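S.K.: Dropping the sequence and predicted coords here.
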Amino acid sequence: MSAQGKRLHKMNTKNRPNSIRFRLAISAEDYLAYYQGSAQDVVARSEDNKTIRFPASAIRKFVTHDGINGEFEITFDENNKLIAIQSIDQ
């Protein structure tokens, strides 16, 4: 591969979104604090022990009568701006 090809490869990987997997277990009662606005952010620990913080509104679509339980993947850009959160439960 030429030097120019290597540079292009590096440029492409730098702009790829990053993702982190994590588990959530938030009861319906606890999520009510987020819903009512007394809590703005969710703080979770990833599978590789990183602390992540994101807006509670980003997981609203996953709330059930039991709360939020499951494994998720958060995707963010190179500036750590949230792109998406998706459920990855089987």
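M.R.: Thanks, I have the structure now.

S.K.: and Val42, helix, strand or coil?
M.R.: strand (DSSP: H, G, I helix; E, B strand; the rest coil).

S.K.: partner residues bridging it?
M.R.: Counting by DSSP bridges, Val42 forms beta bridges with Phe54.

S.K.: In the protein, mark out all the strands, start to finish.
M.R.: 18-27, 41-45, 51-55, 67-76, 82-87 (DSSP state E).

S.K.: I'd like to know which of those lies nearest to Lys61.
M.R.: strand 82-87 (8.8 Å; CB to CB). Heads up, the C-betas are built off the backbone N, CA and C, glycines and all.

S.K.: Show me what the closest one is packed up against.
M.R.: Here strand 82-87 touches strand 51-55, strand 67-76, going by 3 or more CB pairs under 8 Å, 6 or more residues apart in numbering; DSSP states H and E.

S.K.: wouldn't Asp77 be in contact with Ile83 here?
M.R.: Yes. Assessed by CB atoms under 8 Å, Asp77 is found in contact with Ile83 at 5.9 Å.

S.K.: Next, show the common contact partners of those two.
M.R.: Here Asp77 and Ile83 have Pro17 as joint contacts, going by CB atoms under 8 Å, 6 or more residues apart in numbering.

S.K.: Mind checking which residue lies nearest the centre of this protein?
M.R.: What sits nearest the mean C-alpha location of the chain, by CA atoms, centre = their mean, is Ile74, with 2.3 Å.
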